[in-house]
Structures are given as structure tokens and as C-alpha cells.
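Engineer: Next comes the sequence, and after it the predicted model I'd like to discuss.
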Amino acid sequence: MTPNKLSLDFGSVSDRLNSKRIGPSPLFKVGGNFVRSASGEECARYKNHCWIIEGTAYTRYDCRQPVMVHFEDTQGGKSDQYGPFAALWLADGSMYCDN
């Protein structure tokens, strides 16, 4: 039950006016220090506890559409799917959902 297109909203708790939306994309992959779109394009890079997009730093990102999540190991083995979650957000390396 993954929606056709997802968007990620990057922002900061200390600066709610400074935000950036990436997407839509049918999926995003988060691996290492990168967020990539379905095409493999780098959308954001994680550095010094912030996500960097076009030179601007953001401390968190949110997915506000229903979303499913799975995890992969370094060989591409996949975990079970989790969700759907109505919302999901990441801050300082931790993932949260609305369960």
C-alpha cells in the first residue's frame, strides 16, 4: 500500500520558514549518508548531523503521505515491510512514525 508518489519535506526545528520539498518520486532510498530518488539521483547528503540540499542544512525530514518501510543489508537482503504509516520523520539519525 505505497502511494504512487512520495515527497520528503526537509526542515529545521529552529527555522520553520526555511524548508525544502523533494519529490515526487515513487520511492526514496536512504543509505549511508544519502537520500536518493527512484532513479538513483542524490537528493540530499547527511553531514555533521544535518541533511544538505543545494548548500542549505536541514535537521530533519518528514514524509506526510502513507508509507511502507523496509531495510536492506549490504548484500541487498530485505527485511519484512513495516507500515503503512500515515507519517514518518527522521531527525539526527533516528526514524519515527505515527504508530
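Structural biologist: Received, thanks.

Engineer: OK, contacts around D73?
Structural biologist: Residues in contact with D73 (CB atoms under 8 Å, 6 or more residues apart in numbering): none are found. The way it works is simple: take the backbone N, C-alpha and C, and place the C-beta from them, glycine included.

Engineer: Roughly how far does it sit from R60?
Structural biologist: For D73, the distance to R60 (CB to CB, to the nearest Å) stands at 26 Å.

Engineer: And G83, by the same measure?
Structural biologist: 19 Å.

Engineer: cool, Y46 as well?
Structural biologist: Distance from Y46 to R60, by CB to CB: 11 Å.

Engineer: same check, this time on T74
Structural biologist: Remark: distance between T74 and R60 (CB to CB) = 26 Å.

Engineer: Looking at the two, which is more packed in?
Structural biologist: When neighbours are counted by other CB atoms under 10 Å, T74 and R60 differ, and R60 comes out ahead with 17 against 6.

Engineer: Run through the chain and note the low-pLDDT ranges.
Structural biologist: 1-4, 15-16, 99 (pLDDT under 70).

Engineer: now do 80
Structural biologist: 1-4, 13-17, 99 (pLDDT under 80).

Engineer: Now do the top strand by length along the chain: which elements does it pack against?
Structural biologist: In the chain, with assignment by DSSP state E, the single longest strand is strand 15-25. Under the contact definition 3 or more CB pairs under 8 Å, 6 or more residues apart in numbering; DSSP states H and E, strand 15-25 sits against strand 6-12, strand 34-37, strand 56-58.

Engineer: Measure how far the following helix or strand past the last one is from the centre of its chain, please.
Structural biologist: Spelled out, that is strand 56-58. As assigned by DSSP states H and E, the chain's next helix or strand after strand 56-58 is strand 60-63. Distance of strand 60-63 from the chain centroid (CA atoms, centre = their mean, to the nearest Å) equals 6 Å.
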